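Chemist: could you look at this predicted model? Sequence included:
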Amino acid sequence: MYFKLKRHYRVSDTKEVVNISISLSHLCKVGHVWPSDINLGTKVNIGWNFSLFSTIVVVIVVVVVVVVVVVVVVVVVVVVVVAVVVVVLVVVVLVVVVVVVVHM
């Protein structure tokens, strides 16, 4: 990935405005991205002009990541619940065995 980074500094009305323009020639092979100027001052304005294909790819990637995270969380919760149930069952069995042995 090839990019150019230009910084222009100027002081205007007791505040410093930093303009950073970044031009990306290619973003892998998913399409072309043209970032607009990023103005850093009292507020940050970031504008991205995506091609349709790049937008679709980004949406698909975000959806896949969210689905993977949800699946991992569900699996972890199920494993924890199963572990707790197993521990409770083992404790109950041990208590029953101890009670039976004591009363014999």
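Modeler: Yep, it's here. Predicted model only: the values in this text are computed from it and were never measured.

Chemist: what is the burial count for Thr55?
Modeler: Residues near Thr55, counting by other C-beta atoms under 10 Å, number 13. Using the backbone N, CA and C atoms, a C-beta is placed for each residue, glycine as well.

Chemist: which element is it on?
Modeler: With elements taken from DSSP states H and E, the one containing Thr55 is helix 52-103.

Chemist: what helices and strands are in contact with that helix?
Modeler: Of the remaining helices and strands, none touches helix 52-103 by 3 or more C-beta pairs under 8 Å, 6 or more residues apart in numbering; DSSP states H and E.

Chemist: pLDDT on that helix, on average?
Modeler: Average pLDDT, helix 52-103: 92.

Chemist: how is the protein carved up into domains?
Modeler: Domain assignment for the chain, taken from automatic domain parsing, gives 1-50, 51-104.

Chemist: tell me the contacts of Val82?
Modeler: If a contact means C-beta atoms under 8 Å, 6 or more residues apart in numbering, then Val82 has no contacts.

Chemist: how far away is it from Ile56?
Modeler: As judged by C-beta to C-beta, to the nearest Å, Val82 and Ile56 stand 39 Å apart.

Chemist: now swap in Val64 and tell me
Modeler: From Val64 across to Ile56, the span is 13 Å (C-beta to C-beta).

Chemist: which of those two has more neighbours?
Modeler: Taking neighbours as other C-beta under 10 Å, Val64 and Ile56 compare with Ile56 leading, 13 against 10.
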